[in-house]
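*Asks:* test case, fold it:
(2 chains)
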Amino acid sequence: MFQRKECVAMLLAGGQGSRLYALTRQVAKPAVPYGGKYRIIDFPLSNCVNSGIDTVGVLTQYQPLVLNEYIGTGQPWDLDRVHGGVHVLPPYQTASGAEWYLGTANAIYQNISFIDRYQPEYVLILSGDHIYKMNYDKMLRFHKQKKADATIAVLEVPMEEASRFGIMHADGEGKIFEFQEKPEHPKSNLASMGIYIFSWKKLREYLIADNADPNSHNDFGKDIIPHMLENEESLYAYPFVGYWKDVGTIDSLWEANMDLLDPRVPLELYDPTWKIYSRNPVRPPHYISSEAMVQNSMITEGCSVFGTIDFSVLFAGVTVEEGAVVRDSIVMPGTTIKAGAVVEYSIIGEDAVIGENAKIGARPEQIEDKDTWGLSVVGPGVEVKPGEVIPPKAMVEA
Amino acid sequence: MVNTTKMLGIVFTSTHDGAVPEMASVRALGSIPFGGRYRFVDFALSNMVNSGVTEVGLITENNYQALMDHVAAGREWDLARKREGLHILPPLDQSRICRGHLESMINAMDFMRRSRARYVIVSDSSVIYNMDYRPMLEQHIESGADITVAYQRKWLSVDAASHSTIFAFDPNGRVIDVMMHANVSGEFNSGMNLLIIEKSLLLNLVEEAVSRGEYSFDQHIIQKRKDELKIYGYSCDSAAYRITTIRDYYHANLSLLDTAVREKLFPTDRPVFTKIHDEVPVKYGLDSTVRNCLMADGCIVEGQVENSILFRGVHVRKGAVVKDSIPLQGTTVGTNCEVSCVIADKEVMIRDGKNLIGAATYPIYISKGATV
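*Replies:* Got it, this is the predicted structure:
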């Protein structure tokens, strides 16, 4: 007999992350490397265990191989449990047929029986697209205290950016009376973070109704939340204060990495009470040679640095040879920057090779026509030839 | 059924000759930190699994809390298995003080008897190296030896020689002479505290010797019975470090700054596994300078570090200068400190403005948890 779980988390990890282009050709967005030794999914998974949630369903669909291997038994996050733990949930065939996950709500709908096995009171819906540290238990307490049917985590965003988000209108108590999905003229700046807690009984009803509606997009933001509001269910906005970043684009992925180098940014990874866990590489400590120059950077195990590193993040097992320069860039695991190469304002994917004296990207001040400037991206596994020049804003794929 | 080439591993984690007393007083020898993120025992355990040995008995004798905490169920070495895997073998009789490895092997007798392996590879934690044991086993089988001992030909100081077992071989590689605690210096065949033996022979030898009150494997088996047993040498070309004094410890760690040594000790096809701490990558600050250093994750460098090995979670504050030093896990070097030729054991706090200058021939050792 299964024991009940008070709260089960469902992590939507099927997103393609198409605006990351070359970086998500082979991997789902939640598996994109971040911050030297992490992948994006480490943040919601670590938040779960740190919040006392030990049962997590990870919904996968797009390019799941890397993600599947990465999650494995869930041991790195302490989610290898006798009862509960992490479960990877791809779409599956049933007696009535087989369907891909058609939308965020449909993905949960298709896994109603998974959730039912734990008979939870509450379900926490998460996405694998964001970098943030959050105590979901506090949000759950808020949800219980308000006797809400649904609680949506919200963040105050600058008014001029509000039209990029789902915007909540709430009263002084936090009760939501209106929701606008990416409004042209937002009436508030409380943006939905895509983190929901539902009372499972209620959500279950809505999922079943939503599935029966042929006009639905089967999406939480577009369908479930508006329907619940229409029916005057009790929805609350839970205000979150802290660092939260969507890393859905090349620019925002780069910025989120650079934020780690900025002491003013409130994302504290060194907090022993809220560790971010990850599947650690088995590598020796990194080596910085006598000729190397390293400043304002983050470097992890298995790296060997003989060149110059400034304002950059090096992932596990990166080699930077003599005379090579890496500035304002992100270099993902296993990549080699050969002697004399210069990498500026770039993202270099996993296991790439930048040939000798190649030049990747440029500083904005070096470019006259600012519209032609942008971050350069070298995709995973690409071999850039010696002396080759990859201009700013270019994207190279294998 | 006995698998004809299967080996089981025995790893000793304590020493009987008082090695590195400063650091071993608070922990078993096997759990002394090494190389930024490792412990001595990691090399022995990783060599086992990288050589296909998946059944390992870890003999613990005293002060083994830190060691148990480190190896736990052996998961990081892939030894947390339903079949075989890691077996921690604490003393069966706590009141019996073992005087040598031979005597402490009685705690592994049942474990060895239960195993289906035909051979036993016996190693300890006092010599650090990365090697594949399979060629050694092949030689052992081909030569028809009773015991094969691994050695390296190298120059030994008086100090090193007195802690080594030194072999002389005949032209066929058979041991003809064994020296222990010798007061000599020069080039010798220095034993690596590593041997292969058939399990049934080992069980007999241990039982017989212990019943006579004998306790030292090197003295009472290798040295005493070299004429009746066929004991052969196996020459190992790995980078190997025998660590018996704090100076050995200091130099062995700093030798990792040599890329050639790192490649031998950490080859990519034979990784050294260790306990995961989930530390953050190293953060280098605005005014940091770092030259010729080995850096483990979790460090924050705001000052200057040179020719040093920084273990996990070391914090070097602004204006501090750390040279030729080995700060262990969790050590903090305060603002404007000057630290040179220092080994700071775990969680040491060096307060702002302190100057600690040792010498390469006589490094300063600061004990675990101390505040300077």
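
*Asks:* up against chain A, what does chain B have?
*Replies:* Residues of chain B found near chain A (C-beta under 8 Å from any C-beta of the partner chain) are B:35-37, B:75, B:257, B:259, B:262, B:265-266, B:271-273, B:276, B:278, B:280-298, B:300, B:309-310. C-betas here are computed from N, CA, C, even on glycine.

*Asks:* among those residues, which ones are buried?
*Replies:* Buried residues within the residues of chain B next to chain A, counting neighbours by 16 or more other C-beta atoms under 10 Å in any protein chain shown: B:35-37, B:75, B:257, B:262, B:265-266, B:271-273, B:276, B:278, B:280-285, B:288, B:290-298, B:300, B:309-310.

*Asks:* so which of those sit within strands?
*Replies:* Of those, the ones assigned to strands by DSSP state E are B:282-284, B:290-295, B:300, B:309-310.

*Asks:* where does the residue in the stretch 201-350 of chain B that chain A sits nearest to land on pLDDT?
*Replies:* Nearest to chain A, among the residues of the stretch 201-350 of chain B, is B:Pro281, at 3.5 Å (C-beta to the nearest C-beta). Here the pLDDT value assigned to B:Pro281 is 97.

*Asks:* contacting residues around residue 36?
*Replies:* Using chain A. A:260, A:298-300, A:313-316, B:280-281 (C-beta atoms under 8 Å, 6 or more residues apart in numbering or on different chains).

*Asks:* you answered for a different chain; I wanted chain B.
*Replies:* Shown in contact with B:Gly36 (C-beta under 8 Å, 6+ apart): A:284-285, B:256, B:294-296, B:309-312.

*Asks:* for A:Pro380, same thing?
*Replies:* Here A:Pro380 is in contact with A:22-23, A:25-26, A:332, A:349-352, A:398 (C-beta under 8 Å, 6+ apart).

*Asks:* one more time with 10 Å, if that's ok
*Replies:* Contact partners of A:Pro380, counting by C-beta atoms under 10 Å, 6 or more residues apart in numbering or on different chains, are A:22-27, A:33, A:332-335, A:348-352, A:397-398.

*Asks:* find me the pLDDT at A:Ile354, would you?
*Replies:* Model confidence at A:Ile354 (pLDDT) stands at 98.

*Asks:* which residues does it contact?
*Replies:* A:Ile354 makes contact with A:320-321, A:324, A:326, A:331, A:335-338, A:341-343, A:346, A:348, A:360, A:378, A:382-386, A:388, A:390, according to C-beta under 10 Å, 6+ apart.

*Asks:* what about the stretch 1-150 of chain B, any weak spots by pLDDT?
*Replies:* Applying pLDDT under 70 to the stretch 1-150 of chain B flags residues B:1-3.

*Asks:* which residue ranges form the strands in it?
*Replies:* Assigned by DSSP state E, counting those that start in this stretch, the stretch 1-150 of chain B shows strands spanning B:3-12, B:33-34, B:38-39, B:55-59, B:85-89, B:117-124, B:127-128, B:147-156.

*Asks:* tell me the residue of the stretch 101-250 of chain A that sits nearest chain B?
*Replies:* A:Lys133 (12.5 Å).

*Asks:* leaving out sequence neighbours, find the closest residue to that residue.
*Replies:* Residue nearest to A:Lys133 in three dimensions, not counting chain neighbours: A:Trp274, with 5.6 Å by C-beta to C-beta, 6 or more residues apart in numbering or on different chains.

*Asks:* burial of the one you found, as a residue count?
*Replies:* For A:Trp274, the count of nearby residues is 15 (other C-beta atoms under 10 Å in any protein chain shown).

*Asks:* so B:Thr245 sits against B:Val20, correct?
*Replies:* Yes: counting by C-beta atoms under 10 Å, B:Val20 is a contact partner of B:Thr245 at 6.6 Å.

*Asks:* those two: which is more packed in?
*Replies:* Each of B:Thr245 and B:Val20 has its neighbours counted (other C-beta under 10 Å); B:Val20 has more, 20 against 17.

*Asks:* any idea of the pLDDT on the residue lying farthest from the centre of chain B?
*Replies:* Most distant from the centre of chain B: B:Leu286, at 37.4 Å, with distances by C-alpha atoms, centre = their mean. pLDDT, B:Leu286: 90.

*Asks:* what sits against it?
*Replies:* Contacts of B:Leu286 (C-beta under 10 Å, 6+ apart): A:261, A:263, A:295-296, A:311, B:302, B:318.

*Asks:* ok, now which ones touch the residue in the stretch 101-250 of chain B that chain A sits nearest to?
*Replies:* Nearest residue of the stretch 101-250 of chain B to chain A: B:Asn130, at 10.7 Å (C-beta to the nearest C-beta). B:Asn130 is in contact with B:43, B:46-47, B:50, B:238-240, B:263-267, B:270-272, counting by C-beta under 10 Å, 6+ apart.

*Asks:* disregarding residues adjacent in the polypeptide, which is nearest to it?
*Replies:* B:Leu265 (5.1 Å).

*Asks:* would you check that that neighbour makes contact with B:Ser255?
*Replies:* Yes: counting by C-beta under 10 Å, B:Ser255 is a contact partner of B:Leu265 at 8.9 Å.

*Asks:* now do the shared contacts for those two.
*Replies:* Residues touching both B:Leu265 and B:Ser255 by C-beta under 10 Å, 6+ apart: B:35, B:239, B:241.

*Asks:* the closest residue in space to the second one that isn't next to it in sequence: neighbour count?
*Replies:* Put plainly, it is B:Ala239. Excluding the flanking residues, the one nearest B:Ala239 by C-beta to C-beta, 6+ apart is B:Lys264, at 4.0 Å. If you count neighbours by other C-beta under 10 Å, B:Lys264 ends up with 16.

*Asks:* one more: A:Asp259?
*Replies:* 16.

*Asks:* and it, backbone torsions?
*Replies:* phi -60, psi -30 (degrees, to the nearest 10).

*Asks:* OK, contacts around the closest residue to it other than its chain neighbours?
*Replies:* Closest residue to A:Asp259 apart from its sequence neighbours, by C-beta to C-beta, 6+ apart: A:Val265 at 4.2 Å. Residues counted as contacts of A:Val265 (C-beta under 10 Å, 6+ apart) are A:243, A:245, A:255-256, A:258-259.

*Asks:* how much space between A:Val265 and chain B?
*Replies:* Plainly put, A:Val265 is 12 Å away from chain B if you go by C-beta to the nearest C-beta, to the nearest Å.

*Asks:* list the contacts for the nearest residue to A:His143 once chain neighbours are set aside?
*Replies:* Once flanking residues are discounted, A:His143 sits nearest to A:Thr151: 4.1 Å by C-beta to C-beta, 6+ apart. By C-beta under 10 Å, 6+ apart, A:Thr151 lies in contact with A:122, A:124, A:139-140, A:142-145, A:174, A:176, A:195-199, A:234-238.

*Asks:* go again with 6 Å.
*Replies:* Neighbouring residues of A:Thr151 by C-beta atoms under 6 Å, 6 or more residues apart in numbering or on different chains: A:143, A:197, A:236, A:238.

*Asks:* contact residues of the stretch 151-300 of chain A facing chain B?
*Replies:* A:269-270, A:275, A:277, A:280, A:282, A:284-288, A:290, A:294-300 (C-beta under 6 Å from any C-beta of the partner chain).

*Asks:* now the buried members of the residues you listed.
*Replies:* Buried by 16+ other C-beta under 10 Å: A:269, A:275, A:277, A:280, A:282, A:284-288, A:294-300, out of these.

*Asks:* just checking, what packs against the lengthiest strand in chain B?
*Replies:* Ranked by residue count and defined by DSSP E, the top strand of chain B is strand B:186-198. Strand B:186-198 sits against strand B:117-124, helix B:134-143, strand B:147-156, strand B:165-169, with contacts defined as 3 or more C-beta pairs under 6 Å, 6 or more residues apart in numbering or on different chains; DSSP states H and E.

*Asks:* noted, bye for now.
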